[in-house]
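Chemist: The sequence isn't on hand, but the structure is:
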Ligand code: URA
C-alpha cells in the first residue's frame, strides 16, 4: 500500500499506509473488549481441523521480522515505537492496535496447560501432533494468528533448530523462518554444509504473537509440551537453540544467551533421551548486531564438528 488508487482518496490511503506500518492491518472492533472479564464458554478442544471463519478473521500480523536483543525474545516488533501518524491526520483519531479476542478465545489457565501436556503426550507421530495442535484452542495466540507454524525441513534430519515464535512472514506462509532472519538462518546452515533438506526447524511457540510481542510465560508454558514432544518425536542427534527464549525454555535455565551460547548443554526428553544442545544467537539478533555473527559462526562450527563426531 504505497500510493492512492483512483478509488481511494490520498488521505485515506496515507492513513491506511500508516496503520499497515504500525502493524494494524486487520479491522476488528472500534473498542477493545476485555475477554478476561467474560466467562470462557467454549469447548476445550475443537475436532481435528481448523478454526472457524470468525477466528481466522481475527489475525493481526504486524512485522517484517523479529528483532531480539540477545537476552530478549526474538519475536518482537520490527518497530519498537509506533510511527507518528502521517501529516494531516489527527493522532487522536488513530485507535490503539486491536486487542479484541474472538468469542472462543480461552483465558489461559492451568487446565489448558494440562490439556496441552496430555495432547502432546498422546501424539504418536508428528502428523498426529500437528493435528492435535491445530485442534487445540487453549492458547489465545491461535486466535490472532493466521496459521499454525508447525515446522519446516526434514523430520529425519540429525539436526533440529528451535527458534522462539513466528513473525509476520512465517504466519502468512505457515512455515518457520521464512522472513529476513530465516534467510540468514539458511545462509548459516549453508556455511556448515546443510539446508532444509538436512535440518528440521520449529519454534517454541507455533502461533505468531500479535504485533510480535514477546510471548508471555504462560503462553510459553502452554506451548512447551508441544515443542518438547516434537523434539522427542524427531529425536535429532543435535539440537540448536536459536536465541535466549528457546534456550531458557528447553534447557531449563535462567542464564542469558550471551553466557549460554557456545557451550554444549543437554536437552532431556520426557522419555529420558539426552540430546546435546547448542544455544546460539538468534538470526534476528544477528541482523541487528552483525559484529556478533562471528560468535554464531563459531557455534555453528561446533555443531558441524559434533554432527560429524556422531555420524
Ligand atoms: N523468529 C523466530 O524465532 N522464529 C521464526 O520462525 C521466525 C522468526
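Modeler: That came through fine. The shown structure was predicted, so the numbers you read here are calculated from the model rather than taken from an experiment. Numbers count the residues shown, from 1 in each chain.
Chemist: got a pLDDT number for the one residue in the stretch 51-200 of the chain that gets nearest to the ligand?
Modeler: Here the stretch 51-200 of the chain gets closest to the ligand at one residue, residue 163, 2.9 Å apart by C-beta to the nearest ligand atom. Quick note: C-beta positions are derived from backbone N, CA and C, even for glycine. Residue 163 carries a pLDDT value of 98.
Chemist: got the buried residues for stretch 156-172?
Modeler: Judged by neighbour count (16 or more other C-beta atoms under 10 Å), stretch 156-172 contains these buried residues: 157-172.
Chemist: Among those residues, which ones are in helices?
Modeler: Secondary structure defined by DSSP state H assigns 168, 169, 170, 171, 172 of the buried residues of stretch 156-172 to helices.
Chemist: So is the helix or strand hosting residue 224 next to the ligand?
Modeler: Following DSSP states H and E, the helix or strand that holds residue 224 is helix 217-234. No - using C-beta under 6 Å from any ligand atom, we find that helix 217-234 stays clear of the ligand, coming within 11.7 Å at best.
Chemist: Helix 217-234 and the next helix or strand after that helix, what's the angle between them?
Modeler: Once the chain leaves helix 217-234, the next helix or strand it forms, by DSSP H and E, is strand 238-242. Interaxial angle, strand 238-242 versus helix 217-234 (axes from the mean of the first three to the mean of the last three C-alpha atoms, to 10 degrees): 160 degrees.
Chemist: Strand 238-242 and the helix or strand that comes right after strand 238-242, what's the angle between them?
Modeler: Heading C-terminal from strand 238-242, the first helix or strand you meet, by DSSP H and E, is helix 244-251. If you take the same axes, to 10 degrees, helix 244-251 sits at 140 degrees to strand 238-242.
Chemist: And the contacts of helix 244-251?
Modeler: Around helix 244-251, the neighbours that count as contacts under C-beta atoms under 8 Å, 6 or more residues apart in numbering are 68, 70-74, 162-165, 203-204, 214-215, 220, 224, 227-228, 231, 239, 241, 253-257, 260-261, 265-267, 277, 279, 282.
Chemist: Narrow those to just the buried residues.
Modeler: Buried by 16+ other C-beta under 10 Å: 68, 70, 72-74, 162-165, 203-204, 214-215, 220, 224, 227-228, 231, 239, 241, 255-257, 260-261, 265, 267, 277, 279, 282, out of the contacts of helix 244-251.
Chemist: Of the ones in helices among the buried residues of stretch 156-172, just say which sits nearest to residue 139.
Modeler: The closest of these to residue 139 turns out to be residue 171 (C-beta to C-beta; 14.2 Å).
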